[in-house]
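In: give me coordinates for this.
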Amino acid sequence: MTSRKSIKSALESMMFTWGEPLSAKTAAEVVNINWKEAYECFKELEREYEEEGRGIRIREVNKAFQFVTLADNSEYIERLCTPVKQKRLSQSALEVLAIVAYKQPVTRSEVEAIRGIKCDRVLEGLEKKELIAEVGRSAGIGRPILYGTTDTFLRSFGFTNIKELPDIDDIEGVIAVRDEGIETGEPDAQQVEFDLSGSLMNEDMDSGGAFGINAAGYSEEESSAGSTENVNAAAKEECAAPAAEELPYETEGIMDKAAGASEEENGER
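Out: Have a look, this model is predicted:
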């Protein structure tokens, strides 16, 4: 004959595995005992957990039983289950990611030609984060690697496919203008807000800012990267992506030059 202790042990294991309320009838059939005996064993376990002040309790739902947590511990469970705030991508990573997104498939040298500095470490970091990946080889000398964005990139920024990226006619010009603003140290009078989920919008700024897709995922300083200054922490509501708080990344903007920049200066770059 199966001991009472063994029966209760089996019921505990089944409740833990089942997840949903486990009926006394089903448990009795599995353990091969009378359903009334199974019910009594469940009730005994319920009392034991309560008397011992355990953090796990047994709750009855229409003659079915399941494990639940003690209500008094809800504060600690909330702390545990609250996602840790993700770090931000560095400024250089944001720039490179934008270039790859708009120019893909693109080689490392082509990215570096647009940014004006080496990008090998930044590309490597984006690959590790699975935001970009090797998508082929160029037919050029040495057959360099071609990079493109990944499904992880699409999911992270809320896109269905890459065609949903907002239109930017001249990504090279945007990068060049941004770099010029940093080199001269002049504050930007205007920022072009680049909302990854929607449109390109102009927004006056009080002072200079930074270029980038302000993504709240990973913030690491790549040694070959340029400035890692913070982008605007609080995006304007009208430029925020729908349900942005549900996405792994926050999207904000790409910096443009002062409103008075001439076409000739942009053309030289």
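In: tell me which helix or strand of this protein sits lowest on mean pLDDT?
Out: Among the helices and strands of the chain, strand 200-204 carries the lowest confidence by mean pLDDT, DSSP states H and E, at a mean of 30.
In: mind giving me the packing neighbours of the helix or strand encompassing residue 98?
Out: Secondary structure from DSSP states H and E places residue 98 in helix 91-103. The contact analysis (3 or more C-beta pairs under 8 Å, 6 or more residues apart in numbering; DSSP states H and E) places helix 91-103 against helix 108-115, helix 120-128, strand 145-149, helix 171-184. C-beta coordinates here come from the backbone N, C-alpha and C atoms, glycine included.
In: what angle separates it from strand 145-149?
Out: Using axes from the mean of the first three to the mean of the last three C-alpha atoms, to 10 degrees, the direction of helix 91-103 lies 90 degrees away from that of strand 145-149.
In: pLDDT weak spots in the stretch 151-269 of the chain?
Out: In the predicted model of the stretch 151-269 of the chain, residues 169-269 satisfy pLDDT under 70.
In: can you count the residues close to the closest residue to residue 27 other than its chain neighbours?
Out: Nearest in space to residue 27, with sequence neighbours left out and distances taken as C-beta to C-beta, 6 or more residues apart in numbering, is residue 38 at 4.7 Å. Residue 38: 26 surrounding residues under other C-beta atoms under 10 Å.
In: can you confirm residue 68 is in a strand?
Out: Yes - judged by DSSP: H, G, I helix; E, B strand; the rest coil, residue 68 forms part of a strand.
In: residue contacts, it?
Out: By C-beta atoms under 8 Å, 6 or more residues apart in numbering, the contact list for residue 68 reads 56-59.
In: pLDDT score for it?
Out: On pLDDT, residue 68 comes in at 92.
In: for residue 89, see how far away it is.
Out: Computed as C-beta to C-beta, to the nearest Å, the residue 68 to residue 89 distance reads 40 Å.
In: repeat for residue 70
Out: For residue 70, the distance to residue 89 - C-beta to C-beta - is 40 Å.
In: do the same with residue 166
Out: 19 Å.
In: more neighbours: which of those two?
Out: Each of residue 166 and residue 89 has its neighbours counted (other C-beta under 10 Å); residue 89 has more, 28 against 14.
In: element containing the more buried one, please.
Out: Using DSSP H and E, residue 89 sits in no helix or strand.
In: surely it and residue 95 touch.
Out: No - checked against C-beta atoms under 8 Å, the pair residue 89 and residue 95 is beyond contact range at 9.7 Å.
In: beyond the longest helix along the chain, next helix or strand please.
Out: In the chain, taking DSSP state H as the definition, the longest helix is helix 35-51. On the C-terminal side of helix 35-51, the nearest following helix or strand under DSSP H and E is strand 56-60.
In: show me which residues of that following strand are buried.
Out: For strand 56-60, a neighbour-count test (16 or more other C-beta atoms under 10 Å) marks residue 58 as buried.
In: and it, C-alpha only, in PDB?
Out: Output of strand 56-60 as PDB, limited to C-alpha atoms (Å, rounded to 0.1, in the frame of the first residue of the first chain):
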ATOM      1  CA  ILE A  56       4.400  28.800  -1.500                       C
ATOM      2  CA  ARG A  57       0.800  28.000  -0.800                       C
ATOM      3  CA  ILE A  58      -1.800  25.500  -2.200                       C
ATOM      4  CA  ARG A  59      -5.000  27.000  -3.500                       C
ATOM      5  CA  GLU A  60      -8.200  25.000  -4.100                       C
END
